[in-house]
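Peer 1: Sequence unavailable; structure follows:
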């Protein structure tokens, strides 16, 4: 039985990506372990170590020391000497949240030791294959979270349960907004669109709690919470649970990916799984996939292009594009299908190493 380690402290990750794919791989006979401790203390017990996010090695700290960076490099050298294979899924080209130089350098330290890169689209494959040509680079799409979410609630019921009007065109931007620039983009669009007929669903619009140990931040947090609420944005401070996630996607008419700069997005397969038209920035793997599947893209720095993409998405809704997206996702992105591809690539490098 192949043994695979995912070096992540499971309690620090709310993203279901690893857990869901590991569960399906387990069904295929792979012994999967999610642990950061085993990366440091027991790597020889595994055939393959599969990284996801480099920052997870040091529990998502935004600052690490040069010594900590060197410790990772030394541990990876040790692991390579044991003939243990190393893989990574390329979620990002750099940290989501700006870290110091050592956090950014952590990406190269891990990437340079990898035997296998999993990409979710052609863009990152083209970029990283040039930088790390000795490794194997493959494309395996972002899987659906089909073991978690069942998007089977009708739109009217979802709107009622969320306490939002059901007679408006709903644009969902899901997930935590990471920057003021992302919020400003939605604010600008809200001003330009007819608020009597269109509304934005933005549950993760602003998650900073008012209470903070940093008293200097208190006035700004109070101001932002009040001003965003007065502008009509309804948001919640806590993460959205599974039931409400289903409600939001079922209540949506289209899903707008609000990132200004992004490589991949879990909102794209979520939108497809819910049978919605998706639109997003024409950047990274996201832009390529949206274009290839006939969904609108935009220049995130140009509001006019976003408005045009929304208009196109509205037209596509009338032609059942959402249903076509759902059929496409169920054919290509089901977790069972993706796990089979992942396992084949695992086997290709582990078996090659044994000869």
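Peer 2: Noted; the coordinates are in hand. This one's a predicted model, so the numbers in the text were calculated from it and none came from an experiment.
Peer 1: going forward, measure contacts and count neighbours with C-alpha atoms only.
Peer 2: OK.
Peer 1: Tell me the span between the first and last residue of stretch 311-326.
Peer 2: Distance across stretch 311-326, first residue to last, is 21 Å (Cα to Cα, to the nearest Å).
Peer 1: buried residues in the helix ranked longest in the chain?
Peer 2: Scanning the chain for the longest helix, with DSSP state H as the assignment, gives helix 335-354. In terms of neighbour count (16 or more other Cα atoms under 10 Å), helix 335-354 has its buried residues at 335-339, 342, 345-346, 349-350.
Peer 1: tell me the SS of residue 22?
Peer 2: Following DSSP: H, G, I helix; E, B strand; the rest coil, we place residue 22 in the helix state.
Peer 1: Who are the packing partners of the longest helix of the chain?
Peer 2: helix 17-27 (3 or more Cα pairs under 8 Å, 6 or more residues apart in numbering; DSSP states H and E).
Peer 1: Report the distance from the helix or strand following the helix it packs on to the chain centre.
Peer 2: Using DSSP states H and E, the helix or strand that follows helix 17-27 towards the C-terminus is strand 31-34. Its chain's C-alpha centre and that of strand 31-34 lie 21 Å apart, by Cα atoms, centre = their mean, to the nearest Å.
Peer 1: Could you do stretch 302-322 as well?
Peer 2: Chain-centre distance of stretch 302-322: 22 Å, with Cα atoms, centre = their mean.
Peer 1: what's in contact with that stretch?
Peer 2: 185, 188-189, 253-254, 272, 274-279, 295-300 (Cα atoms under 8 Å, 6 or more residues apart in numbering).
Peer 1: Tell me, what's the model's pLDDT at residue 223?
Peer 2: pLDDT recorded at residue 223 is 62.
Peer 1: no no, residue 175
Peer 2: 89.
Peer 1: Show the average pLDDT along the helix or strand hosting residue 329.
Peer 2: In this structure, residue 329 sits in helix 321-332 according to DSSP H and E. The pLDDT scores in helix 321-332 average 98.
Peer 1: Likewise for stretch 286-306?
Peer 2: Mean predicted lDDT for stretch 286-306 stands at 97.
Peer 1: got the buried residues for that stretch?
Peer 2: Here stretch 286-306 shows 286-290, 295-300, 303, 305-306 as buried, counting by 16+ other Cα under 10 Å.
Peer 1: What are the contacting residues of the longest helix of the chain?
Peer 2: Contact with helix 335-354 is made by 20-21, 24-25, 28, 47-48, 83, 85, 115-116, 140-146, 332, as judged by Cα under 8 Å, 6+ apart.
Peer 1: so after the lowest-mean-pLDDT helix or strand in the chain, what's the next helix or strand?
Peer 2: Of all helical and strand segments in the chain, the minimum by mean pLDDT, DSSP states H and E falls on helix 218-230, at a mean of 68. Sequence-wise, the next helix or strand downstream of helix 218-230 (DSSP H and E) is helix 242-251.
Peer 1: what are the pairing partners of the next helix or strand after that following helix, and which direction each?
Peer 2: Using DSSP H and E, the helix or strand that follows helix 242-251 in sequence is strand 254-256. Counting by DSSP bridges, the strands paired with strand 254-256 are strand 169-172 (parallel), strand 277-281 (parallel).
Peer 1: how about those, which one is nearest residue 66?
Peer 2: Residue 66 lies closest to strand 277-281 among the strands paired with strand 254-256, at 35.1 Å (Cα to Cα).
Peer 1: what's the angle from the closest one to helix 321-332?
Peer 2: Computed by axes from the mean of the first three to the mean of the last three Cα atoms, to 10 degrees, the angle separating strand 277-281 from helix 321-332 equals 80 degrees.
Peer 1: Can you give the contact residues for strand 277-281?
Peer 2: If you take Cα under 8 Å, 6+ apart as the criterion, strand 277-281 is touched by 253-261, 268, 271-272, 286-287, 290, 295-300, 309-310, 313, 316-317, 321-322, 325.
Peer 1: Could you list which of those belong to strands?
Peer 2: Applying DSSP state E to the contacts of strand 277-281, the entries found in strands are 254-256, 297-298.
Peer 1: Domain map for the chain?
Peer 2: Here the domain parsing of the chain from automatic domain parsing is 3-143+334-354, 155-332.
Peer 1: What helix or strand is residue 114 located in?
Peer 2: Assigned by DSSP H and E, residue 114 falls outside every helix and strand.
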